[in-house]
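Student: kindly return the folded structure for what I paste below:
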Amino acid sequence: MKYKLALITSIAIIAGCSTVTRMAPTSGSRSDGIVKLSFEYGQFDKIEINEADALRSARQRCAVWGYTDADPFEGYTRQCQRYGGLFGGCSHWFVTKDYQCTMGSGAPLTQASSPMAPPLTAPPPMWAPSNGPRKVRAKTASGYCLDVPESYVGTGAANSPAVTSAMPRCDQLSAR
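Tutor: Below is the predicted model:
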């Protein structure tokens, strides 16, 4: 009789568990371009993460920092928050996934497309390899201008972008 009561109670507990589906930004580093999204779940919760929604959240946070995209790192970090569950071990977990903010090749980020984006007037540099070209947010077709000397010739590679009408040299903007 006790066995049946325990079995029925266990089934009722498992059947009444919630489903975890939403990851929320919990921390990160603007200077490193890392966004951390997390969620919590209990011993009997079903986990169904909407990866597309998580990526959208990471991209929104990256956009606030001036980046245009985000790429997920592989895997999750899981930390036990409470021990002593029904079957022993951990009964409550905190899970985190990291995303790297990037300057993706997608549509350019403009003030109109992202109301949370930083102002276009005094932006931080987007990336600046030592003694190399530097992308600066500007009101151009690409959303950026290049802070480079007049003699600069880019190859079009990621670390050597070409000067184009969509992404002109920054000193050419003041001449317009």
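Student: ranges for the strands of the protein?
Tutor: For the chain, the strands defined by DSSP state E occupy 19-20, 24-29, 34-42, 46-47, 69-72, 77-83, 90-102, 135-137, 144-146.
Student: can you redo the ones you listed as JSON lines with mean neighbour count?
Tutor: Backbone N, C-alpha and C define where each C-beta goes, glycine included. Below are the strands of the chain laid out as JSON lines (neighbours: other Cβ atoms under 10 Å):
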{"stretch": "strand 19-20", "mean neighbour count": "13"}
{"stretch": "strand 24-29", "mean neighbour count": "13"}
{"stretch": "strand 34-42", "mean neighbour count": "19"}
{"stretch": "strand 46-47", "mean neighbour count": "11"}
{"stretch": "strand 69-72", "mean neighbour count": "18"}
{"stretch": "strand 77-83", "mean neighbour count": "12"}
{"stretch": "strand 90-102", "mean neighbour count": "18"}
{"stretch": "strand 135-137", "mean neighbour count": "22"}
{"stretch": "strand 144-146", "mean neighbour count": "23"}
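Student: turn these into JSON lines, including distance to Ser165.
Tutor: Formatted as JSON lines, the strands of the chain follow (distance: least, Cβ to Cβ, whole Å):
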{"stretch": "strand 19-20", "distance to Ser165": "48"}
{"stretch": "strand 24-29", "distance to Ser165": "35"}
{"stretch": "strand 34-42", "distance to Ser165": "33"}
{"stretch": "strand 46-47", "distance to Ser165": "48"}
{"stretch": "strand 69-72", "distance to Ser165": "23"}
{"stretch": "strand 77-83", "distance to Ser165": "44"}
{"stretch": "strand 90-102", "distance to Ser165": "24"}
{"stretch": "strand 135-137", "distance to Ser165": "16"}
{"stretch": "strand 144-146", "distance to Ser165": "11"}
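Student: can I get those strands in TSV with mean pLDDT?
Tutor: Below are the strands of the chain laid out as TSV (pLDDT from 0 to 100):
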stretch	mean pLDDT
strand 19-20	66
strand 24-29	90
strand 34-42	92
strand 46-47	86
strand 69-72	92
strand 77-83	90
strand 90-102	91
strand 135-137	80
strand 144-146	80
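Student: of all these, which one is nearest Arg59?
Tutor: Checking those against Arg59 by Cβ to Cβ gives strand 69-72 as the closest, at 4.8 Å.
Student: pairing partners for the closest one, with directions?
Tutor: strand 90-102 (antiparallel) (DSSP bridges).
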